[in-house]
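Q: build the 3D model from these lines:
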Amino acid sequence: MSNLLGFSLIGNNISGIIPGTFKGLQKLQVLNLGYNGLQGSFIKELCEMESLSELYLDHNSLSGSLPSCLGNMTFLRTLNIGYNIFTSKIPSSLWSLKDILKINLSSNAFIGNLPSEIGNLRAIVLLDLSKNHISSKIPTTITFLKTLQNLSFAHNQFYGPIPTSLGDMVSLISLDLSQNMLTGVIPKSLTSLLYLQNINFSYNSLQGEIPDGGPFKNFTSQSFMHNEALCGNPRLQVPPCGGKHVKKSSTTKKLLMKCILPIVLSTILVVASIILLKHKRKKAKNNLERGLSTLGAPRRISYYELVQATNGFNEDNLLGRGGFGSVYHGKLPDGEMIAVKVIDLQSEEKSRTFDAECNAMRNLRHRNLVKIISSCSNLDFKSLVMEFMPNGSVDKWLYSNNYCLNFMQRLNIMIDVASALERE
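A: Have a look, this model is predicted:
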């Protein structure tokens, strides 16, 4: 098909590797193989497609490293390889594509730093490197990207200060630097970005005053939560700025140091020792993942991902139905098996039951209770995403004649569950 201009197989169940014969399509301008089950690598033959301007390989299981020949794809305007398993460093040749408009490398496992050559992308309007393992300072040359509208470095290991010169990126509409290790203050120069509509600096180690001018007047506390020591307008749920601390006299300081401080420290040590002894058994498990707890960042699973995982909530994926709704099994792009509990929203009572179940289940922790991974909720759809249990439900093991649990085994399971609920 040597005269083909566009080729799309998006959203199917195609597996295997990308065939090298694609290089014969020298007139092809758009190639979309997204949302499939493709494996293997980013083949070098794609670099030989001289007319290719849009390449979509997102939401597959492609792995390995990106070839350096990417720099030869001078006609490329859109590159989307998000949601794969690509590793290693991003090839430096990518930053030589000075006419490219959109780059999406999100949700992979890229490592390394971000070089100053990123400033060569003078025409780019979207750059998404989120959810990788990039460890780097934000290069100051990024401010050369005057046409950039959407920038996301979220969920990486970026460190150091936010460059003040970001205020020169006059076209910015959305800026997401959340879930990194950034320090220092939020530059006041960002208040000059007239088109800025969305910003997210949460989950960093920023401190100092949150600017209150320009577009910052429209931002909420969600954009700045979980930082080290930010202050500013009370509507952002941070303490007010300004040094209003009363200076202590030297006599008071000496009294504090000699008398009160040792008593306080001793009390803290005693209380800490009691707590450590009381919770000795609970320290065996690492609580880095907190599920639906509000203390940590919840895992985000979109409605579209649930549709893909369950083949559109196909009957073949149905595990069972009940008064609450239906349960389907599915498989996420990373290979994890899940069970999706879809709530029947025909009555207001069942909708309230979903909210109550979320509040209860997010605090339950027990080895015999199914792990809640996430939830997905909007006006027309509510669901709980749970760990898939391939051996069947407790109901089947307790009551079905096809399973072989004796009376004592059944009793032990029910006692365990009751104990977990009582503790919570």
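
Q: what about residue 115, how many residues nearby?
A: 16 (other Cβ atoms under 10 Å). No exception for glycine: its C-beta is placed from N, CA and C like everyone else's.

Q: which parts of the chain are helices?
A: For the chain, the helices defined by DSSP state H occupy 250-255, 261-278, 303-309, 348-361, 394-399, 407-423.

Q: which of the ones you listed has the lowest mean pLDDT?
A: If the helices of the chain are sorted by mean pLDDT, helix 250-255 sits at the bottom with a mean of 51.

Q: output the below-cut-off pLDDT ranges for the stretch 151-300 of the chain.
A: 243-261, 266, 270, 273, 277-298 (pLDDT under 70).

Q: hang on, isn't residue 9 packed against residue 31?
A: No: assessed by Cβ atoms under 8 Å, residue 9 is found out of contact with residue 31, at 9.1 Å.

Q: higher neighbour count, the two?
A: Taking other Cβ under 10 Å, residue 9 and residue 31 do not tie; residue 31 has more neighbours (22 against 13).

Q: wait, residue 17 touches residue 43, no?
A: Yes: under the criterion of Cβ under 8 Å, residue 17 makes contact with residue 43 at 7.4 Å.

Q: quick one, domains of this protein?
A: Annotated domains of the chain cover 1-103, 122-140+150-240, 303-390 [automatic domain parsing].

Q: can you put those in CSV and add distance to residue 274?
A: Below are these laid out as CSV (distance: least, Cβ to Cβ, whole Å):
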stretch, distance to residue 274
domain 1-103, 47
domain 122-140+150-240, 29
domain 303-390, 22
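
Q: so which of those is nearest residue 110?
A: domain 122-140+150-240 (4.3 Å; Cβ to Cβ).

Q: how far away is the nearest residue to residue 341 once chain neighbours are set aside from residue 319?
A: If you skip the residues right next to it in sequence, residue 341 has residue 384 as its closest partner in space, 4.4 Å away by Cβ to Cβ, 6 or more residues apart in numbering. The spacing between residue 384 and residue 319, counted by Cβ to Cβ, to the nearest Å, is 13 Å.

Q: which one's more surrounded, those two?
A: residue 384 (24 against 15).

Q: confidence score at that one?
A: pLDDT, read off for residue 384, is 86.

Q: so how far is residue 114 from it?
A: 38 Å.

Q: what's the answer for residue 344, then?
A: Distance from residue 344 to residue 114, by Cβ to Cβ: 47 Å.

Q: so for those two, which residue has more residues nearby?
A: residue 114 (20 against 16).

Q: check contacts around the more buried one.
A: 129, 134, 136-139, 158 (Cβ atoms under 8 Å, 6 or more residues apart in numbering).

Q: just the buried subset of these, please.
A: 129, 134, 136, 138-139, 158 (16 or more other Cβ atoms under 10 Å).

Q: export the residues you listed to CSV and tack on distance to residue 314?
A: As requested, the buried ones among the contacts of residue 114 are exported to CSV (distance: Cβ to Cβ, whole Å):
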residue, distance to residue 314
129, 34
134, 37
136, 43
138, 44
139, 46
158, 40
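
Q: before we move on, the earlier item: neighbour count winner among residue 17 and residue 43?
A: Set residue 17 next to residue 43 and count neighbours by other Cβ under 10 Å: residue 43 wins out with 17 against 11.

Q: contacting residues for the more buried one?
A: 17-18, 20, 22.

Q: out of the contacts of residue 114, who's nearest residue 167?
A: residue 138 (13.2 Å).

Q: residues touching the closest one, list them.
A: 114, 153, 158, 160, 162-163, 166, 177, 182.
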